[in-house]
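Chemist: Fold the following and give me the result.
(one chain, ligands or ions: 1)
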Amino acid sequence: MKSRNTYLNLLMALALFVGCQPKEKQAESAEVEQPETVAEEKFQEEHRPQYHFSPPAHWMNDPNGMVYYDGEYHLFYQHYPDSTVWGPMHWGHAVSPDMVHWEHLPIALYPDSLGYIFSGSAVVDWKNTTGFGSDDNPPLVAMFTYHNMDGERSGKIKYQTQGIAYSTDKGRSWTKYKGNPVLENPGIKDFRDPKVRWQEDLNAWILTLAVKDHIAFYSSPDLKEWTHLSDFGIDKGGHGGVWECPDLFPLPTPDGKGDKWVLFVSINPGAPQGGSGTQYFIGEWDGKTFTEDKGSYGWLDYGPDNYAGVTWADVPQEDGRTLFLGWMSNWLYAQIVPTENWRSAMTVPRKMELFKNGNDYLLAFKPVKELDELRNDCITEATMMVDTSAVLDDQVKGSTTFEAKLTLSEIPEEGFELILYNDVDQHVTFGYDAAKDEYYLDRSESGKNDFYDEFSRKYTTKRIVDTESIDLHIYVDVASIEIFADEGKTVMTAIFFPDKPMDHMKVEANGQMKVSELEVCSLKSIWK
Ligand code: FRU
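Modeler: Numbering: from 1, shown residues only. Got it, this is the predicted structure:
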């Protein structure tokens with residue numbers, strides 16, 4: 001199998017003739033695929049998730065421009081509206097009142113003569129520092145990477161630059177800034193994925209940018225003029241691939257010692273689970289430089305399918321949460337997974353918190369409470385004894401879209417397994433190996449897997465805490481599973497493609513085990 005970069009190069013070459021077409025032609029062909037023309041029954045295709053965000057049709061990768069404004073969560077995304085594989089990048093767009101129910105909107109940003117529209121972020125320019133709006137109507141400003149295919153093809157180095165665009169009508173229409181690019185390329189091929197945030201005490205915008213093998217920080221008074229502040233990471237963290245899609249943000253410490261700063265860096269390839277994954281550093285940000293605390297380092301997800309995720313900007317202070325969403329796929333096989341009409345979905349939205357692990361801080365993720373609105377029918381059991389095996393058919397009730405919570409105690413020496421399965425013996429197994437003190441997620445016999453050899457794998461990770469009981473919170477949605485163990489201190493996310501509905505679950509242990517606080521809720525579709 002080709003590495004994603006080789007694969008991308010091939011696809012980029014294929015995409016060239018589309019890229020070479022005049023801009024009008026591209027827009028015209030893209031219009032054919034506008035969301036309005038997509039029938040609702042499209043969301044009934046085999047493997048289509050029912051409550052995770054997915055595009056109306058065709059290709060999607062990274063979440064982009066996540067910003068909250070005036071009662072709406074905006075989600076933009078890397079989108080190629082003409083095909084189910086990667087190609088000339090646009091920003092697809094959707095809005096939601098709650099991060100769970102989505103309304104698809106027309107494409108927000110089209111490629112232009114400066115290039116494809118790669119990943120980036122969006123903010124509310126509350127003080128109208130750009131002058132694009134007014135004090136009464138602050139503009140939404142998006143900052144993204146221009147990827148110039150002609151430049152790349154002709155062997156130039158400086159083909160990635162940063163541009164901005166704005167909207168004064170709640171994101172419904174976008175105008176690209178005439179002075180683009182606002183940040184020229186200093187002579188490094190990989191120079192992309194701008195994430196901006198307003199830092200009130202500095203009265204400035206701070207930009208976090210991925211530059212090949214490190215992160216560069218910049219500041220600006222108006223999102224147009226940028227000054228380089230510092231670099232981080234050339235000798236830190238994972239370096240098995242290119243650094244992408246960073247984010248820098250504060251989080252309160254659980255012990256009331258003020259804020260710590262978190263730096264996300266996605267990397268492709270080189271993740272411990274294979275292919276693409278997102279690592280984080282926790283440390284100090286003094287307004288100019290980031291310094292990591294030794295030991296306060298980890299990965300957002302210990303499953304294979306959570307990439308390029310970042311935080312939502314401008315979540316109201318009274319809400320106070322730091323909210324996350326990732327792309328639920330992996331560049332190893334994202335473009336060849338067996339789905340028709342569309343490719344890929346996002347993770348469920350997650351709330352982030354710091355927790356103390358010895359002297360270090362680490363990140364925990366919890367599904368957002370808004371997901372509770374999806375609950376249809378819940379079955380709860382106070383306590384249940386498992387004697388070797390307990391089938392949960394009475395609880396799951398034949399659903400393929402459900403949520404389960406359970407606490408396991410008196411765990412036998414070998415550990416336990418929680419198995420999601422179907423009528424043709426395909427299964428996804430989450431387990432705890434007590435001897436190794438490891439969690440694992442095994443999708444090697446989960447259904448279609450011949451599209452990529454290493455899709456059939458078992459993923460393992462050390463358990464972080466050592467409490468005697470283990471609590472699990474699980475989301476299953478037709479073709480994906482997300483497991484939040486130990487109150488989100490370990491998260492494992494994986495996609496799979498079964499031949500028959502995965503509508504059974506059982507718990508197995510080599511002996512007697514106690515299951516308490518069991519709750520299983522079937523979840524409603526957001527597309528019906
Ligand atoms: C991450 C990424 C970004 C880039 C985008 C292109 O998945 O490679 O670095 O901006 O995808 O679609």
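
Chemist: Can you give me the buried ones in stretch 433-445?
Modeler: A434, E438, Y439, Y440, L441, D442, R443 (16 or more other CB atoms under 10 Å). For every residue, glycine as well, the C-beta is placed using N, CA and C.

Chemist: Now do stretch 500-511: distance to the chain's middle.
Modeler: Mean-position distance between stretch 500-511 and its chain equals 27 Å (CA atoms, centre = their mean, to the nearest Å).

Chemist: helix or strand for whichever residue of the stretch 251-400 of the chain sits closest to the ligand, which one?
Modeler: Per CB to the nearest ligand atom, A308 is where the stretch 251-400 of the chain lies closest to the ligand, at 4.5 Å. Taking DSSP states H and E as the criterion, A308 maps to strand 307-311.

Chemist: Which strands or helices does that strand pack on?
Modeler: Helices and strands touching strand 307-311, by 3 or more CB pairs under 8 Å, 6 or more residues apart in numbering; DSSP states H and E, are strand 58-69, strand 242-252, strand 259-268, strand 277-285, strand 323-327.

Chemist: thinking again about what came up before, any chance of the buried residues of stretch 433-445 in a markdown table, with pLDDT and secondary structure too?
Modeler: What follows is the buried residues of stretch 433-445, written out as a markdown table (pLDDT from 0 to 100; DSSP: H, G, I helix; E, B strand; the rest coil):
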| residue | pLDDT | secondary structure |
| --- | --- | --- |
| A434 | 96 | coil |
| E438 | 98 | strand |
| Y439 | 98 | strand |
| Y440 | 98 | strand |
| L441 | 98 | strand |
| D442 | 98 | strand |
| R443 | 98 | strand |
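
Chemist: and the nearest residue to E438 once chain neighbours are set aside, what helix or strand is that in?
Modeler: Nearest non-adjacent residue to E438, counting by CB to CB, 6 or more residues apart in numbering: T460, 4.9 Å away. Counting by DSSP H and E, the element that carries T460 is strand 458-462.

Chemist: Please report the distance of P498 from Y333.
Modeler: The spacing between P498 and Y333, counted by CB to CB, to the nearest Å, is 16 Å.

Chemist: near the ligand, which residues of the stretch 301-450 of the chain?
Modeler: Taking CB under 6 Å from any ligand atom as the contact definition, the stretch 301-450 of the chain meets the ligand at A308.

Chemist: Can you list the low-confidence ranges for the stretch 301-450 of the chain?
Modeler: Counting by pLDDT under 70, the stretch 301-450 of the chain shows no low-confidence range.

Chemist: Show me where it has its helices.
Modeler: For the stretch 301-450 of the chain, applying DSSP state H, counting those that start in this stretch gives helices covering 393-396.

Chemist: What is the neighbour count of Y452?
Modeler: Residues near Y452, counting by other CB atoms under 10 Å, number 15.

Chemist: Over to V465?
Modeler: Neighbours around V465, by other CB under 10 Å: 12.

Chemist: Could you confirm it falls within a helix?
Modeler: No - counting by DSSP: H, G, I helix; E, B strand; the rest coil, one finds V465 to be coil, located in no helix.

Chemist: And it, how far from K489?
Modeler: 6 Å.

Chemist: which bits of the protein sit near the ligand?
Modeler: Residues of the chain lying close to the ligand (CB under 6 Å from any ligand atom) are N61, D62, Q78, M89, F118, S119, T145, R192, D193, E244, C245, A308.

Chemist: Go again with 8 Å.
Modeler: Contact residues (CB under 8 Å from any ligand atom) of the chain with the ligand: 8, 61-62, 78, 86, 89, 116, 118-120, 145, 147, 190, 192-193, 210, 242, 244-245, 266, 268, 276, 307-308, 327, 331.

Chemist: Separate out the buried members of those.
Modeler: Judged by 16+ other CB under 10 Å, buried ones among the residues of the chain next to the ligand: 8, 61-62, 78, 86, 89, 116, 118-120, 145, 147, 192-193, 210, 242, 244-245, 266, 268, 276, 307-308, 327, 331.

Chemist: Quick one: residues contacting the residue of the stretch 251-400 of the chain closest to the ligand.
Modeler: Counting by CB atoms under 8 Å, 6 or more residues apart in numbering, A308 touches N61, D62, P63, S119, E244, C245, S266, S276, T278, G326, W327.

Chemist: what's the pLDDT at the first one?
Modeler: Think N61. Per-residue confidence (pLDDT) for N61: 98.

Chemist: wait, it sits on W327?
Modeler: Yes - at 5.7 Å, N61 counts as touching W327 under the criterion of CB atoms under 8 Å.

Chemist: what residues do those two have in common as contacts?
Modeler: Taking CB under 8 Å, 6+ apart as the contact rule, N61 and W327 both touch Y77, A308, S344.

Chemist: Next, count neighbours for the last one.
Modeler: Using other CB under 10 Å, S344 has 26 other residues around it.

Chemist: how about it, what does it touch?
Modeler: Contacts of S344 (CB under 8 Å, 6+ apart): S54, P55, W59, M60, N61, W327, M328, S329, A334, V337.

Chemist: Which of the residues you listed sits closest to F402?
Modeler: Nearest to F402 out of the contacts of S344 is M328 (CB to CB; 17.1 Å).
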